[in-house]
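*Asks:* The following comprises the amino acid sequence and a computationally predicted model.
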Amino acid sequence: MSTNLLKEKILQLKKEKNAVILAHYYQEEAIQEIADYVGDSLGLSQEAVNVDADIILFAGVHFMAETAKILNPNKKVILPDLKAGCSLADSCPPDLFKAFKEQHPNHIVITYVNCSAEIKALSDIVCTSSNALKIVNSVPKDAPIIFAPDKNLGKYIMEQTGREMVLWDGSCIVHEAFSIDKLLELYKQHPDAEIIAHPESETHILRTAKYIGSTAGMINYVKESSSNKFIVATEAGILYKMQQQVPHKTLIPAPSHEDNTCACSECAFMKMNTLQKVYDCLLNESPEIKVPLDIQEKALLPINRMLELS
């Protein structure tokens, strides 16, 4: 089936089934084009609360679809490929995290949204890269904090807030794939460019950045900035929506260690979803995301705390 025909059929099915498609900025362009809403983790969580549909098709990774299910227990939530996981979420197994938490009693547990429903159920409050600083600053100064699972985002927050936190040792392979040597070499070729980076990147990458923020924050920054050229250190899927917002500006993906065809860093998990899988998923209303009721109820509390503060 051609791309255009697939798109038509998806839009038709969406209408018939009263479904809505939520997509992350890191999805392939064709999926972003047919989505009802494209955003970052915070935007997608907020959008999921307001969905007025029977079915939510989540074009993203597993933890995002789980979050949508937790926020919509009575709606059917489907994900085009159940294998679309997350290296960061995988770096924090619930049994090990539970033991870690027990080693640090009386700590407020703040977890980055990129984690499983089980980890959220063990948390006091959830955050995204858009609101992490705000969430951490909302905790009383004398309260000790565990921050999980992303140690790079944790280090960045500690630098920005001056707060000591106990960090879980997790990270995202996409944001740890950037090569500082190649980035500096690229910057030499484009000295008029501004480097912008996602806070999941390693400290040495963040030190080079003029702006550090979430995917939505980066898009806004590029729109508002007087500069006309940017080196973008996050998953390359963001360039599609970013370029739409600033058609006259030059966007260059930050290079990864690996010599790949795109000379950028791509998330293999995000790219598991394809237009064909979106169509099949909507047609068959599967794979469906299920979260055990007790986990749903416990995980909903910290997610709602985040949404209230946002």
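*Replies:* Looks like it arrived, so ask away.
*Asks:* Helices along the stretch 1-150 of the chain, start to end?
*Replies:* Applying DSSP state H, counting those that start in this stretch to the stretch 1-150 of the chain gives helices spanning 3-17, 29-34, 41-49, 62-71, 87-90, 94-103, 117-121, 132-137.
*Asks:* What lies in contact with the shortest one?
*Replies:* Translated: helix 87-90. For helix 87-90, contacts defined as C-beta atoms under 8 Å, 6 or more residues apart in numbering pick out 61-63, 112, 114-116, 119, 149-150, 170-174, 200, 269. In short, each C-beta sits where N, CA and C put it, glycine included.
*Asks:* try it again with 10 Å
*Replies:* 61-64, 66, 112-117, 119, 148-153, 170-176, 200, 267-269 (C-beta atoms under 10 Å, 6 or more residues apart in numbering).
*Asks:* in it, what's buried?
*Replies:* 87-90 (16 or more other C-beta atoms under 10 Å).
*Asks:* so for that helix, what's the average pLDDT?
*Replies:* The average of the pLDDT scores along helix 87-90 is 90.
*Asks:* which helices and strands sit right next to the helix or strand of the chain with the lowest mean pLDDT?
*Replies:* The weakest-scoring helix or strand in the chain, judged by mean pLDDT, DSSP states H and E, is helix 41-49 (a mean of 84). Under the contact definition 3 or more C-beta pairs under 10 Å, 6 or more residues apart in numbering; DSSP states H and E, helix 41-49 sits against strand 19-24, strand 37-39, strand 55-59, helix 62-71, strand 125-127, helix 215-224, helix 293-309.
*Asks:* Run the angle between that helix and helix 293-309 for me.
*Replies:* Per axes from the mean of the first three to the mean of the last three C-alpha atoms, to 10 degrees, the angle that helix 41-49 makes with helix 293-309 is 110 degrees.
*Asks:* Show me how far helix 41-49 is from its chain's centre.
*Replies:* Centre-to-centre, helix 41-49 and its host chain are 11 Å apart (C-alpha atoms, centre = their mean, to the nearest Å).
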